[in-house]
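K.L.:
what follows is a predicted structure for the sequence shown.
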Amino acid sequence: MKYFDERETLVPEGQPSGYVREGVPSYLDERRFTQVGRSVPKVDAPAKAKGEAIYADDMVLPGMLYAKIKRCMDYAHAKIVKIDTSKAEALPGVVAVLTGDEAPNRYGIVPHNCNETVLAIDKVRYHGEGVAAVAAVDEETAEKALDLIEVEYEPLPVLLDPFESMARADEVLIHEDRPGNICHEGKQVYGDVEKAFAESEYVLEREIKVGRPHQSFIEPQSALASYDPQSGRLQLWSSNQVPHYLHRQLSIVLDMPMSKIRVTIPTVGGGFGGKGEACPNEFVASLLSRKTGRPVKCTFEREEVFLHGHGRHPCFMKMKIGLDKEGYIQAVDFENVMDKGAYASWGVVVMFYTGSMIHLPYKVPNARSILKNVYTNKNSSGANRGLGGVQPRFAMEVMLDELADMMGISPYELKLKNAVVSGYTCANNM
């Protein structure tokens, strides 16, 4: 059995050899590896093992206040008719209260579709969305103050399924500027897919649905902000995976120049993509610190971690694979409807990743992807390890297993003969 296509190890005359040396692909060339197979010390292991690592929630500053977020726990979709914070403001120990209209600037991963606000304005779009926040001298006082905030809602129809969301879009829009309740949609076509299927010896088509696992990191989101009224500078410490992105979003939401904001990342107790974007607690702490002139910490409870969400996108996939009589892949046709949740987040990025990942790790000469990411009244889906790759990979792997059974060969043999090798270029030029 051949482990690689010999033609793909050839290097044109005058071209650099890259990783291909002496006709041997990189995965067979032991001289290439400097880290794989080696024991690499984990530099932060001793501090973590001894309990010396400092996480955001470990930090305390003089005069620090504690922030908590009031969440809509009665409805997944509702207009906000009125918010009355007067009783909370009158509670001894409460220093400041924040509502959504104090931070109207929208943020998001992709600049052309920033549609998330720190706290809900006008309406809530998912169960558990924040509508107000409190800064108090201790957590107990802040939690009591949340119960004193009175919010009047007008319930709206709830859309929890992406197909229902599209079908009822004329009746209910989750975002008024997104017709059809479509967050993003796209189509990618490479080669002649129909011709390739017509010439295939084996064709298999399946519908596969995958759910929405959460990253379940051990450390909840936590942020400590300290605003200096004299200099107009903000220092934020936060458990976040993307400090530079967070830095920019803070500038947008707070209407401050980036030069006056500093973001520091202490030890992070796990993220796996779930802390791969700005989070409301970071803005709440920063806004309340600026409002009070004192340091403010905002740490999620475990329930809030799951209410906030941003786990992996649920996908409703249709996939069709065609093989020739020798078992080489001729075409892949892929349709994917994704459950975006309430806000754009990583939506367009993950959506196009799902389409791109049908090209790897196997050679696919003809491919078509039809993709939709649809708003629903759930908390947002976001980035999770291997974002956009896991869902189509799962579908393709189980289908190749079934195709191997149809051919009477082992799945390993079928996958190995179709595997890409060093120097291979996909149909989409990856």
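P.N.:
The structure has been received and is ready for your questions.
K.L.:
helices of the protein, start to end?
P.N.:
Remark: helices assigned in the chain by DSSP state H are 45-49, 86-90, 139-148, 162-167, 193-198, 243-254, 280-292, 302-308, 347-356, 390-407, 411-418.
K.L.:
can I get those helices in TSV with mean pLDDT and mean neighbour count?
P.N.:
(Glycine included, C-beta is placed from N, CA and C.) What follows is these, written out as TSV (pLDDT from 0 to 100; neighbours: other CB atoms under 10 Å):
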stretch	mean pLDDT	mean neighbour count
helix 45-49	94	11
helix 86-90	98	14
helix 139-148	98	18
helix 162-167	98	18
helix 193-198	98	16
helix 243-254	97	18
helix 280-292	98	26
helix 302-308	97	17
helix 347-356	95	22
helix 390-407	97	18
helix 411-418	97	16
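K.L.:
so which of those helices is nearest N336?
P.N.:
Within the helices of the chain, the stretch nearest N336 is helix 347-356; the backing value is 5.2 Å (CB to CB).
K.L.:
what's the closest one packed up against?
P.N.:
strand 182-190, strand 329-341, strand 367-375, helix 390-407 (3 or more CB pairs under 8 Å, 6 or more residues apart in numbering; DSSP states H and E).
K.L.:
okay, the angle between the first one and strand 329-341?
P.N.:
Orientation check (axes from the mean of the first three to the mean of the last three CA atoms, to 10 degrees): strand 182-190 against strand 329-341 gives 170 degrees.
K.L.:
how far does strand 182-190 sit from its chain's centre?
P.N.:
Strand 182-190 sits 18 Å away from the centroid of its parent chain (CA atoms, centre = their mean, to the nearest Å).
K.L.:
buried residues in it?
P.N.:
For strand 182-190, burial by neighbour count (16 or more other CB atoms under 10 Å) applies to I182, C183, H184, Q188, Y190.
K.L.:
which one of the residues you listed is nearest to H308?
P.N.:
Among those, C183 lies closest to H308 (CB to CB), at 18.1 Å.
K.L.:
could I get the full set of strands for the stretch 1-150 of the chain?
P.N.:
Per DSSP state E, counting those that start in this stretch, the stretch 1-150 of the chain carries strands over the ranges 65-71, 78-84, 94-99, 123-124, 130-136, 150-155.
K.L.:
ok, which of the ones you listed comes nearest A367?
P.N.:
With CB to CB as the criterion, A367 lies closest to strand 123-124 of the strands of the stretch 1-150 of the chain, at 39.8 Å.
K.L.:
re the thing from before, as CSV, the buried residues of strand 182-190 with distance to M399 and pLDDT would be great.
P.N.:
Listed next are those as CSV, based on distance: CB to CB, whole Å; pLDDT from 0 to 100:
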residue, distance to M399, pLDDT
I182, 27, 98
C183, 27, 97
H184, 25, 96
Q188, 19, 96
Y190, 19, 97
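K.L.:
dump those to a markdown table, plus distance to V40.
P.N.:
Formatted as a markdown table, the buried residues of strand 182-190 follow (distance: CB to CB, whole Å):
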| residue | distance to V40 |
| --- | --- |
| I182 | 45 |
| C183 | 40 |
| H184 | 39 |
| Q188 | 38 |
| Y190 | 38 |
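K.L.:
for G274, phi and psi?
P.N.:
Backbone geometry at G274, expressed as degrees, to the nearest 10, gives phi -70, psi -20.
K.L.:
per-residue pLDDT, it?
P.N.:
On pLDDT, G274 comes in at 96.
K.L.:
what does N429 give?
P.N.:
86.
K.L.:
same check, this time on Y3
P.N.:
At Y3, pLDDT is 42.
K.L.:
ok, back up a step: so which of the strands of the stretch 1-150 of the chain is nearest N373?
P.N.:
Distance to N373, taken as CB to CB, is lowest for strand 123-124 among these, at 20.7 Å.
K.L.:
contacts for that closest one?
P.N.:
Contact with strand 123-124 is made by C72, Y75, A76, H77, A78, K79, I80, V131, Y153, L156, as judged by CB atoms under 8 Å, 6 or more residues apart in numbering.
K.L.:
mind listing what that strand pairs with, with the direction of each?
P.N.:
Strand 123-124 has these partner strands in its sheet, going by DSSP bridges: strand 78-84 (antiparallel).
K.L.:
and the partner strand, how far from the chain's centre?
P.N.:
Distance of strand 78-84 from the chain centroid (CA atoms, centre = their mean) equals 29 Å.
K.L.:
between that strand and strand 150-155, how big is the angle?
P.N.:
Direction vectors for strand 78-84 and strand 150-155, defined by the same axes, to 10 degrees, enclose an angle of 160 degrees.
K.L.:
give me the residues contacting strand 78-84.
P.N.:
Under the criterion CB under 8 Å, 6+ apart, residues 72, 99, 120-124, 131-132, 149-156 lie in contact with strand 78-84.
K.L.:
quick one: pLDDT of I321?
P.N.:
98.
K.L.:
cool, E6 as well?
P.N.:
Looking at E6, its pLDDT stands at 46.
K.L.:
give me the neighbour count for the closest residue to D333 other than its chain neighbours.
P.N.:
Of all residues not flanking D333 in the chain, K320 sits nearest, at 4.1 Å (CB to CB, 6 or more residues apart in numbering). By other CB atoms under 10 Å, the residues close to K320 number 18.
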